[in-house]
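Q: Model the following, please.
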Amino acid sequence: MAEPARSSIPWRGWMAHGLGTLRLSPQSFWSLSLSEWAAILEAGGEGGVFQHPLSSEELSRLMKAHPDGPAPPQGNHHG
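A: Okay, here's the model as predicted:
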């Protein structure tokens, strides 16, 4: 039996990242264009800019720059 042809595309790694780490559905993963997938990888995937968790200082800066809106009212609101 012939050995399967090797691909220059790292499918296993991409699938592990897309389906596992990013939790994309198979339909979402396979419907991405290569340009969309490249943008995802550049933003935070393999070799992307977010290769480590945020530090406390980085998180604090982001929270100050982008505060949450007012908290939703508490209690039972069933009409």
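
Q: Could you use CA atoms for every contact and neighbour count after this?
A: Fine.

Q: Where do the helices of this structure begin and end?
A: In the chain, the helices defined using DSSP state H lie at 11-15, 26-31, 34-44, 56-65.

Q: Would you mind listing the buried residues in the third one?
A: By 16 or more other CA atoms under 10 Å, the buried positions in helix 34-44 come out as 37, 40-41.

Q: in this protein, which residue is closest to the centre?
A: In the chain, the centroid-proximal residue (CA atoms, centre = their mean) is L22; its distance is 4.1 Å.

Q: gap between that one and S60?
A: Here the criterion is CA to CA, to the nearest Å. By it, L22 lies 24 Å from S60.

Q: what does S7 give?
A: The gap separating S7 from S60 is 43 Å, by CA to CA.

Q: Also F29?
A: In terms of CA to CA, F29 sits 32 Å off from S60.

Q: May I ask which helix or strand of the chain has the lowest mean pLDDT?
A: helix 34-44 (a mean of 85; mean pLDDT, DSSP states H and E).

Q: CA atoms only for that helix - export them in PDB, please.
A: The C-alpha trace of helix 34-44 is given here as PDB (Å, rounded to 0.1, in the frame of the first residue of the first chain):
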ATOM      1  CA  LEU A  34      -7.000  30.900   4.000                       C
ATOM      2  CA  SER A  35      -7.000  34.600   4.500                       C
ATOM      3  CA  GLU A  36      -9.300  34.400   7.500                       C
ATOM      4  CA  TRP A  37      -7.300  31.500   9.000                       C
ATOM      5  CA  ALA A  38      -4.000  33.500   8.500                       C
ATOM      6  CA  ALA A  39      -5.600  36.500  10.300                       C
ATOM      7  CA  ILE A  40      -6.500  34.200  13.200                       C
ATOM      8  CA  LEU A  41      -3.000  32.700  13.400                       C
ATOM      9  CA  GLU A  42      -1.400  36.200  13.300                       C
ATOM     10  CA  ALA A  43      -3.800  37.400  16.000                       C
ATOM     11  CA  GLY A  44      -3.100  34.700  18.500                       C
END
